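Colleague: Build me a model:
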Amino acid sequence: MPELEYLRNISIFEELPPNDLAAIAEVTIERRYKKNMIIFMEGEQGEGFHYIKSGKVKIVQISQDGREHIINILGPGEVFAEVLLFNHGSYPATSVAIEDSVIGMIKNNDLENVVTQNSRIALHIIRVMSRKLIDAQRKIKTLALSDTLSRTAQILVRLSQQYGQPVAGGVQIAVDMTRQDLANLVGTTRETVSRVLSSMKKDKVIDFAEQQIIILDEKRLDRYQER
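Modeller: Model prediction:
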């Protein structure tokens with residue numbers, strides 16, 4: 001797929017006209033990562049803005065006792081390290097390819113040169129980042145007010161929307177996740193999320209085997225979000 005088509009599918013650039021996309025494409029660097037390769041480490045000096053052309057990436061933070069906390073799992077068209085836009089700081093988290101991935105990267109200095117010459121691109125990026133900040137605040141509020149069952153349902157619905165694949169009897173979430181991975185996303189313990197999943201399985205809302213989860217009843221799962 002030509003670089004302009006990739007950029008058009010990325011939320012932060014999707015509404016820009018072809019000439020603006022072409023200016024951004026000229027400064028884009030493509031990098032390839034094998035499964036389990038680290039893209040960047042928390043605390044390293046930030047290079048710039050990243051987006052996923054193909055594959056999947058997890059964003060994690062490591063606690064002082066060495067435990068991994070998964071912040072997000074991202075797929076094609078999604079961006080990460082956007083916090084470094086126009087900010088020459090360090091990476092606030094570690095990113096790891098969870099399958100073979102192709103990543104586009106735009107260095108801070110290069111993007112700054114582009115937006116300096118085109119205020120329309122700068123205003124567009126500011127608007128998109130403002131919407132992302134509002135969305136992040138909404139998610140924080142939801143986590144604070146929801147119980148573990150509804151938070152687990154919310155995560156499963158989001159993963160299904162992003163990575164769901166139709167299978168016999170339901171929708172399979174096409175991401176290999178351990179119970180600990182899911183617990184990190186939900187913000188609870190592995191034991192608690194295992195109990196929630198077992199309850200959902202007993203109610204025939206989901207099914208699971210090893211690291212795969214299949215949603216059997218999307219409507220009931222949606223209702224769990226409202227509890």
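Colleague: ranges for the strands of this structure?
Modeller: Taking DSSP state E as the test, the strands found in the chain are 28-33, 38-40, 48-54, 57-62, 68-74, 79-80, 94-97, 101-107, 164-167, 170-173, 206-209, 212-215.
Colleague: Mind listing residues that contact the fourth one?
Modeller: Contacts made with strand 57-62 from outside it, assessed by C-beta atoms under 8 Å, 6 or more residues apart in numbering, are listed as 39, 42, 68-75, 80, 92-98, 101, 103, 181, 184. For glycine as for every other residue, the C-beta is placed from the backbone atoms N, C-alpha and C.
Colleague: Now do that strand and strand 101-107, the angle between them.
Modeller: Orientation of strand 57-62 against strand 101-107 (axes from the mean of the first three to the mean of the last three C-alpha atoms, to 10 degrees) gives an angle of 70 degrees.
Colleague: in strand 57-62, what's buried?
Modeller: Within strand 57-62, the residues that count as buried by 16 or more other C-beta atoms under 10 Å are 57, 58, 59, 60.
Colleague: What of the last one?
Modeller: Of the residues in strand 212-215, 213, 214, 215 count as buried by neighbour count, 16+ other C-beta under 10 Å.
Colleague: would a markdown table of the residues you listed with pLDDT be doable?
Modeller: What follows is the buried residues of strand 212-215, written out as a markdown table (pLDDT from 0 to 100):
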| residue | pLDDT |
| --- | --- |
| 213 | 90 |
| 214 | 91 |
| 215 | 92 |
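Colleague: dump the residue contacts of residue 193.
Modeller: So residue 193 contacts 148, 152, 179, 182, 183, 186 (C-beta under 8 Å, 6+ apart).
Colleague: Apart from its neighbours in sequence, what residue is nearest the residue most central in space within the chain?
Modeller: What sits nearest the mean C-alpha location of the chain, by C-alpha atoms, centre = their mean, is residue 74, with 3.0 Å. Nearest non-adjacent residue to residue 74, counting by C-beta to C-beta, 6 or more residues apart in numbering: residue 57, 4.9 Å away.
Colleague: returning to what we had before: pretty sure the residue nearest to the centre of the chain sits against residue 93.
Modeller: No - Residue 74 is beyond contact range of residue 93, at 11.7 Å (criterion: C-beta atoms under 8 Å).
Colleague: distance of the residue nearest to the centre of the chain from residue 59?
Modeller: Note on residue 74: its distance to residue 59, by C-beta to C-beta, to the nearest Å, is 7 Å.
Colleague: anything in contact with each of the two?
Modeller: Joint contacts of residue 74 and residue 59 (C-beta under 8 Å, 6+ apart) are residue 80.
Colleague: Going along the chain, name the helices of this structure.
Modeller: 3-8, 18-25, 108-117, 119-145, 148-163, 179-186, 190-202, 218-224 (DSSP state H).
Colleague: Export those to CSV and append columns for distance to residue 88 and mean pLDDT.
Modeller: Output for the helices of the chain, formatted as CSV (distance: least, C-beta to C-beta, whole Å; pLDDT from 0 to 100):
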stretch, distance to residue 88, mean pLDDT
helix 3-8, 23, 78
helix 18-25, 19, 87
helix 108-117, 6, 86
helix 119-145, 16, 71
helix 148-163, 31, 88
helix 179-186, 29, 86
helix 190-202, 38, 88
helix 218-224, 42, 85
